[in-house]
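>>> here you go, sequence then predicted model.
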There are 2 protein chains.
Amino acid sequence: MGEATAVETGVVTAALLVIGDEILSGRTKDKNIGYIAEYLTAIGVDLTEVRVVSDDEAAIIDALNALRQRYTYVFTTGGIGPTHDDITADCVAKAFGVPIHEDPRAIARLLERIKPEDLNEARRRMARIPEGADLVDNPVSKAPGFWIGNVIVMAGVPTIMQAMLDSVAPKLATGRVMLSETIRAECKEGDVAGPLRAIAERYPDVMIGSYPFNDETGFKTNLVLRSREASRLAVATAAVRDMLTSLNAARS
Amino acid sequence: MGEATAVETGVVTAALLVIGDEILSGRTKDKNIGYIAEYLTAIGVDLTEVRVVSDDEAAIIDALNALRQRYTYVFTTGGIGPTHDDITADCVAKAFGVPIHEDPRAIARLLERIKPEDLNEARRRMARIPEGADLVDNPVSKAPGFWIGNVIVMAGVPTIMQAMLDSVAPKLATGRVMLSETIRAECKEGDVAGPLRAIAERYPDVMIGSYPFNDETGFKTNLVLRSREASRLAVATAAVRDMLTSLNAARS
């Protein structure tokens, strides 16, 4: 992986590591996975795996080390606040085998928002940054995220995470954007599956997915075609539309 | 792991494996993680890890084999429909090293809903079940899930997944339910972090989490205490309430 490979193949991959007991207990419903997935897809980074782990040092370090070797980038959300259960920064330092210190650059950012007399020991914890990391801007509440190696550490609060992603995005290596077309089929998945498989075999370079859903009129199917090549996407999409027209004619 | 350990320790763990390109592309926003997390917590099963992987055989098999060795149960969602991209059943069979066949019990269930003349080759795929698996009821659309070893395979469509979970839940080994109390602190996380850490150190058997959020009045904090022991939860909760009262008195 890494940027050299990404440039050669036009493919940049990413994993997301969501850190937090509150997601696993169901108390907080995650809003970051879907947001990050859509955001990265739009800029040409393929989100390839997501993991959610608890606020547990071994679980976080194991997941970080597995993911950072496998993907171009690893994004994390959660666990960078001032309380005792915020252990992400320490875990990242341990995963990389580097020391962690209170970072004067991070203290300066905190002081843009916090009065010196309110900068207590707990808040100073938010300035603990692994050695060698760059800071990630937080225009919402100042306490920064950071970027070390291919790991980008962000807050869990959605408004802050979104602002951090905006500040990181221009610096990411990106690949060719995955284009997609969605076609709603007014039939059940089982009615369209046979002819759809034939098209998928004819266009192996276009990814074709089939997603059933039910609304007030019963079960229907969304067909989603994806490719980085506009021309290939167009011919495969035309083939699917023709197939649906024939299918409807045969059924009516 | 396994049921014997669960009974001894009172702890039953689970992982969830979400299978599907559509979640990773952001096209579909997952609704199953939060639902399953809340459901399992309520019945005394600790959801300890979640992974989301694409419709890729190696990714699914690797994740299944990692998770099923680590947790009491592994639940999967997605990839059991009739189309070419539905490969979950085959991947589960490969992960367990067992053959997979069209299962007469599953065909019988499909025929409860589908006319024999509509039971085409694609729909028959939904009756492919790994050898040795039990079927999981699907009262919504009949096509069953299945349960093999400690792996429970469910549909991705939320209404169907929820019905499958209802039919599986009474058969699960469950541990002692994790009890929780949530206290809303009318202050920023950094104001409460110091005294909260002292309480967390005094009650190491109670898990104490701190979750900042912002509403129209600014940043506030939810404090969540969790324990399987009602009496321990009660004393730690009282300690947090007392601490917040002192903090408010000092600030006003």
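In hand now; what should we look at?

>>> which is the next helix or strand following the strand or helix carrying A:Ala66?
Using DSSP states H and E, A:Ala66 sits within helix A:57-70. Elements were assigned by DSSP H and E; along the chain past helix A:57-70, the next helix or strand is strand A:73-77.

>>> quick check: buried residues in the helix or strand following that following strand?
As assigned by DSSP H and E, the chain's next helix or strand after strand A:73-77 is helix A:88-96. Neighbour counts over helix A:88-96 (16 or more other Cβ atoms under 10 Å in any protein chain shown) mark A:Thr88, A:Ala89, A:Asp90, A:Cys91, A:Val92, A:Ala93, A:Lys94, A:Ala95, A:Phe96 as buried. Just so you know, the C-beta spots here come from the backbone N, C-alpha and C atoms, and that holds for glycine as well.

>>> quick one, helices of chain A?
Here chain A has its helices, by DSSP state H, at A:3-9, A:21-24, A:32-43, A:57-70, A:88-96, A:104-111, A:121-124, A:158-168, A:189-202, A:230-251.

>>> highest average neighbour count across these?
Among the helices of chain A, helix A:21-24 has the highest mean neighbour count (mean count of other Cβ atoms under 10 Å in any protein chain shown), at a mean of 24.

>>> CA atoms only: put that helix into PDB for me.
Taking Å, rounded to 0.1, in the frame of the first residue of the first chain, the C-alpha atoms of helix A:21-24 are listed here in PDB:
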ATOM      1  CA  ASP A  21     -18.200   1.500  24.400                       C
ATOM      2  CA  GLU A  22     -21.200   3.700  23.800                       C
ATOM      3  CA  ILE A  23     -21.700   2.500  20.300                       C
ATOM      4  CA  LEU A  24     -21.400  -1.200  21.300                       C
END
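
>>> which strands and helices sit next to it?
Packing partners of helix A:21-24 (3 or more Cβ pairs under 8 Å, 6 or more residues apart in numbering or on different chains; DSSP states H and E): strand A:46-53, helix B:32-43, strand B:46-53, strand B:207-215.

>>> from the chain's centre, how far out does the first one sit?
Looking back up the chat, that one is strand A:46-53. Averaging C-alpha positions (Cα atoms, centre = their mean, to the nearest Å) puts strand A:46-53 7 Å from its chain's average.

>>> and that strand with helix B:32-43, angle?
10 degrees (axes from the mean of the first three to the mean of the last three Cα atoms, to 10 degrees).

>>> reformat the helices and strands packed on helix A:21-24 as a markdown table; add mean pLDDT and distance to A:Val240.
Below are the helices and strands packed on helix A:21-24 laid out as a markdown table (pLDDT from 0 to 100; distance: least, Cβ to Cβ, whole Å):
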| stretch | mean pLDDT | distance to A:Val240 |
| --- | --- | --- |
| strand A:46-53 | 98 | 22 |
| helix B:32-43 | 97 | 27 |
| strand B:46-53 | 98 | 25 |
| strand B:207-215 | 90 | 44 |
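
>>> possible to save the ones you listed as JSON lines with distance to B:Thr221?
What follows is the helices and strands packed on helix A:21-24, written out as JSON lines (distance: least, Cβ to Cβ, whole Å):
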{"stretch": "strand A:46-53", "distance to B:Thr221": "22"}
{"stretch": "helix B:32-43", "distance to B:Thr221": "21"}
{"stretch": "strand B:46-53", "distance to B:Thr221": "24"}
{"stretch": "strand B:207-215", "distance to B:Thr221": "5"}
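
>>> tell me which of those lies nearest to B:Val11.
With Cβ to Cβ as the measure, strand B:46-53 is the member of the helices and strands packed on helix A:21-24 nearest B:Val11 (6.3 Å).

>>> ok, the closest residue to A:Lys29 other than its chain neighbours - contacts?
Leaving aside its sequence neighbours, A:Lys29 sits nearest to B:Gly34 (Cβ to Cβ, 6 or more residues apart in numbering or on different chains; 3.9 Å). B:Gly34 makes contact with A:Ile23, A:Gly26, A:Lys29, A:Asp30, according to Cβ atoms under 8 Å, 6 or more residues apart in numbering or on different chains.

>>> sorry, back to before: among the helices of chain A, which comes closest to B:Ser252?
helix A:121-124 (20.4 Å).

>>> what about stretch A:194-211, how long is it end to end?
Terminal residues of stretch A:194-211 lie 15 Å apart, using Cα to Cα, to the nearest Å.

>>> contacts for that stretch next, please.
For stretch A:194-211, the external contacting residues (Cβ under 8 Å, 6+ apart) are A:189, A:192-193, A:221-227, A:229, A:232-233, A:235-236, A:239-240, A:243, A:246-247, B:21-22, B:28, B:55, B:81, B:83-86, B:120-122.

>>> dig out what A:Glu181 forms beta bridges with.
Legend: beta-bridge partners of A:Glu181 under DSSP bridges are A:Leu225.

>>> identify the residues contacting it.
A:Val224, A:Leu225, A:Leu233, A:Thr237.

>>> now for the first one: which residues touch it?
The contact partners of A:Val224, by Cβ under 8 Å, 6+ apart, come to A:Ser180, A:Glu181, A:Thr182, A:Ile183, A:Ile208, A:Gly209, A:Ser210, A:Tyr211, B:Glu22, B:Arg27.

>>> just the buried members of those residues?
Burial by neighbour count, 16+ other Cβ under 10 Å: within the contacts of A:Val224 this picks out A:Ser180, A:Glu181, A:Ile208, A:Gly209, A:Ser210, A:Tyr211, B:Glu22, B:Arg27.

>>> what pairs with the third one across the strands?
When bridges are taken as DSSP bridges, the partners of A:Ile208 come out as A:Leu225.

>>> tell me how far it lies from B:Met126.
Distance from A:Ile208 to B:Met126, counting by Cβ to Cβ, to the nearest Å: 18 Å.

>>> apart from its neighbours in sequence, what residue is nearest A:Glu38?
A:Glu38 sits nearest to B:Gly26 (Cβ to Cβ, 6+ apart), 3.0 Å away.
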